[in-house]
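Colleague: After the sequence you'll find the predicted model.
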Amino acid sequence: MIMKRLMLLSLLCGFAVCCRAQRETRELMTGWRFIRQDAPFDARTDSWEAVSLPHTWNAFDGQDGPTPGAVKRPDDRGSDYFRGVGWYSRSLEIPASWKGRRVFVLFEAVSQIAQVYLNGHLLGEHRGAFTAFCLELTADLNFGGANELRVRADNSMVKTVAPLGGDFDVAGGIYRPVHLIVTDSLCISPTYYASPGVLLTLLGLEGGDAEVEVRTYLSNGAARPHRIVIRTDVRDAAGAVVASLATPVTVKTDNPPCDFIQRVRIRRAHLWNGQKDPYLYSVSVRILDGRSFFGMGKAGALLDEVVQPLGLRTIAVAADGFLLNGAPYPIHGVNRHQDLQDHAWALTPADHDRDLRLMLEMGVTAVRLAHYPQSDYFHSISDRAGMLLWNEVPFVNFVPDRKSRPDALTAETIAFNRNLDLQMREMILQRYNHPSAAFWGLFNELAVEDSVAAMPELEHLNSIAHELDPTRPTVTANNHVGVAANSVADHPCYNVYPGWYDPAGPDLPGKMAGLLAVRIAEQKGRKFALSEYGAGGGPFQHEEGALVQPQPAGPFHPEEWQSFVHESDWSQLAGNPHLWGTFLWAMFDFSSDGRNEGTRPGINDKGMITQDRLVKKDVFFFYQANWTRSPMVHLTSQRLTPRHEAATEVKVYSNCEEVELLLDGRSLGRVRPDPIHVARWEHVGLQPGENHLVAIGRSDGSEVRDLCEWTLAAPAAREH
């Protein structure tokens, strides 16, 4: 009998599936109407604005800074961009042919409290601005006719939904894609925390082979149990099947979705090895009608299919630092907000592509997604590029009630903790299959009193992360030492800002060294990472001669000081044996409406690139010189013109063996860059009028050039 079942299973594995997959997915990106105010759920929409997704109502008012005299909210650092309710409406024409099938709607993100209505009926509510949620429409649909989908979105700050604060805007709206999903009555569940419904776990690598667990969550919408076969195929990058397994199961009618586990072995496994070799398999999980296997009719009808990426890799932090597949791997990291000038959070795939392209150009190997889960699309392109990502639940700065005791929590704190738990589970399960996802972050910069009150919840979040995913480490980012919260995660990390929020003093590298020493002592020999460091810099604000530390909240953030801070910091961080990684703040300038400083109000200007992605600051090229190998050379302070000091330093960033400087065609000599790839020429004399500079970098017979033109103002103009 057992042999007969095995033979039947073998035959079933070889069947060619002759019908198309039943699952259909359609994007709902156009045809929406919008109004930025609260309204009855059945209000007329004739006068509402026509919009397409992604959409936010804070594209402009979240980047203009605080309005003088306006009422300020302490939780938003004095910002006054609109935080309230907006409504969206869209017509859905549902074909009569879909009758008997199931229909779901999946929102990748709505900020930050969403209530979804179909034909006047409330389907459900989701609380959280950054993770996806999925609702079933089937019971309330008019098949063969028109339907109306409405969404009430509210980005108000409420004490039961994280985050409660932070140095960033919380833009409102449906700012990521929306999908309509149509399935058979029995399907791989789209509603299991809005995850793919298929979770892939590398169990081990032995003798070059990989053992992978495939956990599939099934949902049966029929009134009776259903006998099926779960067919799993693993394909290599060329599309060839390298592992297969078919398992007959009976799915009950119970909800929530039930999970079934398979294990497949991939021979001679090809590892995903970051940017060196971001090799991806794909895993197809198909649900086949299994009645013939049980002797009840025709076999092989395809009921559902989900395809997911699979990158085989291991991650660890050990005495040797960060290890990818057991070998040291450099973590040259940046922080990134999901933000773009005049778009806020409403980013398109092209926007994400450009951001990743700029990071790769600078030599970035890891990105901290501050301070919340970011888009699935960015994870997908990071999978293919070999970028490592730090995901973070939005537990930022504050708790609802720091006076709460674990044995006497307020109702608000209990609800807030439940929301954090939900957002943690959604974040992990929705990003689980992406090999780029490398760390789960628990919090950012909790005030000392808040971190004390939050300790039980932090420990609970850490346990959730390990329960759901034992393969990835947990991390935290804190600007305090000597607090219990620094011991919760597997690997606590630190935010430090010498020369910006901390006084520089006469020895800025020594200042960073001192801050590191305190943290080295706290970690008692364990390696740690810097999760933030940096300084503000306006690419069109400059300072000649001796630099003076600017005021962080002041109107003058010269680009030269930003470069000086990063040079000083990196001189202490590069090759530091106590660090397993660094994440500079930040890759791009971003909106923070409560700020009123630097060149523009409403902007945090610590980025390597401006918010519109059009201007690369000098620090971009500083890290490119340190983090990349392709020969490059960059003359700094190119935008500092006209100038008023005839004698000046010329500074060049380059990863070449030597750099030659030409002034008006005359060589000023060749210089070998220092260990942090800076070449300097002191006391260069400029002549009144135009001065043409050329930097020539040479390595192994190759040559690269950068040039600029500086104008030295005439003496009369200088007296003006």
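Modeller: Everything's here; your move. Residues are numbered from 1 along each chain as shown.
Colleague: Beta-bridge partners for the residue most central in space within the chain, please?
Modeller: When CA atoms, centre = their mean is applied to the chain, the residue found nearest the centroid is L369 (3.4 Å). For L369, the beta-bridge partners are R336 (DSSP bridges).
Colleague: Just give me the neighbour total for A485.
Modeller: For A485, the neighbour count with other CB atoms under 10 Å is 21. Any C-beta I mention is one placed from the backbone N, CA and C, and that applies to glycine too.
Colleague: is it fair to say it lies in a strand?
Modeller: No: assignment of A485 by DSSP: H, G, I helix; E, B strand; the rest coil gives helix, placing it outside any strand.
Colleague: mind listing what D277 touches?
Modeller: D277 is in contact with L271, G386, counting by CB atoms under 8 Å, 6 or more residues apart in numbering.
Colleague: Which strand residues bridge it?
Modeller: N273.
Colleague: Relative to L389, how far out is it?
Modeller: Look at D277 and L389: by CB to CB, to the nearest Å, they are 18 Å apart.
Colleague: what's the residue nearest to the centre of the chain in contact with, if anything?
Modeller: Counting by CB under 8 Å, 6+ apart, L369 has contacts R336, Q338, F378, L389, W390, N391, E392.
Colleague: pretty sure the third one is in a helix, no?
Modeller: Looking back up the chat, that one is F378. Yes: per three-state DSSP, F378 lies within a helix segment.
Colleague: so R384 sits right up against L280, yeah?
Modeller: Yes: between R384 and L280 there is a contact under CB atoms under 8 Å: 6.8 Å.
Colleague: Could you report the neighbour count for the nearest residue to E544 once chain neighbours are set aside?
Modeller: Of all residues not flanking E544 in the chain, E645 sits nearest, at 4.9 Å (CB to CB, 6 or more residues apart in numbering). Using other CB under 10 Å, E645 has 12 other residues around it.
Colleague: Check V182 too.
Modeller: 20.
Colleague: tell me the SS of S244?
Modeller: Using three-state DSSP, the structure places S244 in strand.
Colleague: And the protein, what are its domain boundaries?
Modeller: 2-19+195-310, 31-181, 328-629, 647-719 (automatic domain parsing).
Colleague: picking that back up, look up how far E136 lies from the residue nearest to E544.
Modeller: For E645 relative to E136 (CB to CB), the value is 69 Å.
Colleague: mind listing the helices for the protein?
Modeller: With DSSP state H, the ranges of helices along the chain come out as 2-14, 349-362, 376-385, 411-431, 448-468, 508-523, 559-573, 618-627, 715-719.
Colleague: buried sites along stretch 628-643?
Modeller: Neighbour-count burial for stretch 628-643 flags T628, P631, M632, V633, H634, L635, T636, S637, Q638, R639, L640, R643 (criterion: 16 or more other CB atoms under 10 Å).
Colleague: Export the domains of the chain to JSON lines and append columns for distance to A319.
Modeller: Shown next, in JSON lines, are the domains of the chain (distance: least, CB to CB, whole Å):
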{"stretch": "domain 2-19+195-310", "distance to A319": "20"}
{"stretch": "domain 31-181", "distance to A319": "34"}
{"stretch": "domain 328-629", "distance to A319": "7"}
{"stretch": "domain 647-719", "distance to A319": "24"}
